[in-house]
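> Sequence isn't available, so here's the structure alone:
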Ligand SMILES: CC(C)=CCC/C(C)=C/CC/C(C)=C/COP(=O)(O)O
């Protein structure tokens, strides 16, 4: 929009704002005759001409076939579609790109253990221990071991369901990573222990999904004492936070991972294998 100052100036110097053939506002002198396509757009009434000039680019573009025909008749250029998009970006687009920019900036700032030389590089070995505590292999091995050692039907049922939950988590995270294909942050060092090929992608954080899902599982079925319940929650939060500190993930990867892991537990409850189902399963296996 032309500024009020410009409008006043135009009143004094005899200039009026107009829309040029390339879609941008420009001032032209009343002393010179305007191009024919502007003459046709503005008509004789200056008020309506100003109103038309203040319309959004999209509205201007779609305000009637007469414009298109006048522009083509006069040899004026049509505004390319992608220029219109840039001139009138959607609110959702702006919100998403802003969120992405904040995410990248924040993740880079928080990646203080990304390497030994980083500002908090000295606690990197500790963060790598936290990383291993949320890795798939110790969890799968632990659940298998407990299933093997458990002598009660109830214990076997819980461990079997935990094992299935862990496998389901690996599959779901693998699928989402393969679809989204978001690269890990540039400051990440790819020195992770035992990864699949999809683990070169960062969205969502597999450690965060597992931590959230397993925390809910433990709280629902295994850990009853209040202090231990707090410890489980702290562990899950630390696993997620360590992913960003180590530079493995952006903040949004971990946030989405926590949400996804939380929802995965609902799926585990829905697909829960009961003692009857377990007997049938074991009968078929045995
Ligand atoms: C028995 C078997 C096939 C186990 C595979 C366990 C495995 C390699 C899990 C991958 C865990 C991992 C490194 C996930 C990546 O986590 P992010 O938090 O970096 O996404």
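In hand now; what should we look at? What you see is a predicted model; the values in this text were computed from it and never measured.

> Can you get me a residue count around residue 97?
11 (other C-beta atoms under 10 Å). Just so you know, the C-beta spots here come from the backbone N, C-alpha and C atoms, and that holds for glycine as well.

> what separates it from residue 91, distance-wise?
11 Å (C-beta to C-beta, to the nearest Å).

> Residue 229 now?
41 Å.

> More neighbours: which of the two?
Between residue 229 and residue 91, counting by other C-beta under 10 Å, residue 229 is the more crowded of the two (14 against 7).

> Tell me the pLDDT of that one.
Residue 229 carries a pLDDT value of 96.

> Give me the secondary structure label for it.
helix (DSSP: H, G, I helix; E, B strand; the rest coil).

> okay, and for the protein, where does confidence drop off?
Along the chain, segments meeting pLDDT under 70 span 1-88, 278, 281-282, 285-286.

> I'd like to know which residues of it are adjacent to the ligand.
135-137, 140, 170, 192, 194-196, 199, 205-207, 243, 248 (C-beta under 6 Å from any ligand atom).

> repeat that with 5 Å
Selection of the chain residues close to the ligand by C-beta under 5 Å from any ligand atom yields 136-137, 194-195, 199, 205-207.

> All the helices of the stretch 51-200 of the chain, in order from the start?
57-61, 65-73, 81-87, 91-110, 124-133, 136-149, 153-180 (DSSP state H, counting those that start in this stretch).

> what angle do the fifth one and helix 136-149 make?
On the basis of axes from the mean of the first three to the mean of the last three C-alpha atoms, to 10 degrees, helix 124-133 is oriented at 50 degrees to helix 136-149.

> Same question for the last one.
Between the direction of helix 153-180 and that of helix 136-149, the angle (the same axes, to 10 degrees) works out to 160 degrees.

> I'd assumed residue 244 was in contact with residue 207.
No - judged on C-beta atoms under 8 Å, residue 207 makes no contact with residue 244 at a distance of 10.8 Å.

> So if I had to pick from those two, which one is more boxed in?
Set residue 207 next to residue 244 and count neighbours by other C-beta under 10 Å: residue 207 wins out with 29 against 26.

> From residue 233, how far off is the closest residue to residue 122 other than its chain neighbours?
Nearest residue to residue 122, sequence neighbours excluded (C-beta to C-beta, 6 or more residues apart in numbering): residue 116, at 8.0 Å. Going from residue 116 to residue 233 by C-beta to C-beta gives 30 Å.

> When those two are compared, which one has more neighbours?
residue 233 (16 against 10).

> other SSEs contacting the one helix or strand the more buried one maps to?
Using DSSP states H and E, residue 233 maps to helix 226-245. Where contact means 3 or more C-beta pairs under 8 Å, 6 or more residues apart in numbering; DSSP states H and E, helix 226-245 is packed against helix 91-110, helix 124-133, helix 206-221, helix 251-270.

> For those helices, give me JSON lines that also has distance to residue 188.
What follows is these, written out as JSON lines (distance: least, C-beta to C-beta, whole Å):
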{"stretch": "helix 91-110", "distance to residue 188": "10"}
{"stretch": "helix 124-133", "distance to residue 188": "12"}
{"stretch": "helix 206-221", "distance to residue 188": "13"}
{"stretch": "helix 251-270", "distance to residue 188": "11"}
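
> most packed of those helices?
helix 206-221 (a mean of 24; mean count of other C-beta atoms under 10 Å).

> Name the residues that touch it?
By C-beta atoms under 8 Å, 6 or more residues apart in numbering, the residues outside helix 206-221 that reach it are 131, 134-136, 139, 158, 161-162, 165-166, 169-170, 172-173, 177, 199, 229, 232-233, 235-236, 239-240, 242-243, 248-249, 253-262, 264-265, 268.

> ok and that helix relative to helix 153-180, angle-wise?
Computed by the same axes, to 10 degrees, the angle between helix 206-221 and helix 153-180 is 150 degrees.

> what angle do helix 206-221 and helix 226-245 make?
Put simply, helix 206-221 runs at 170 degrees to helix 226-245, going by the same axes, to 10 degrees.
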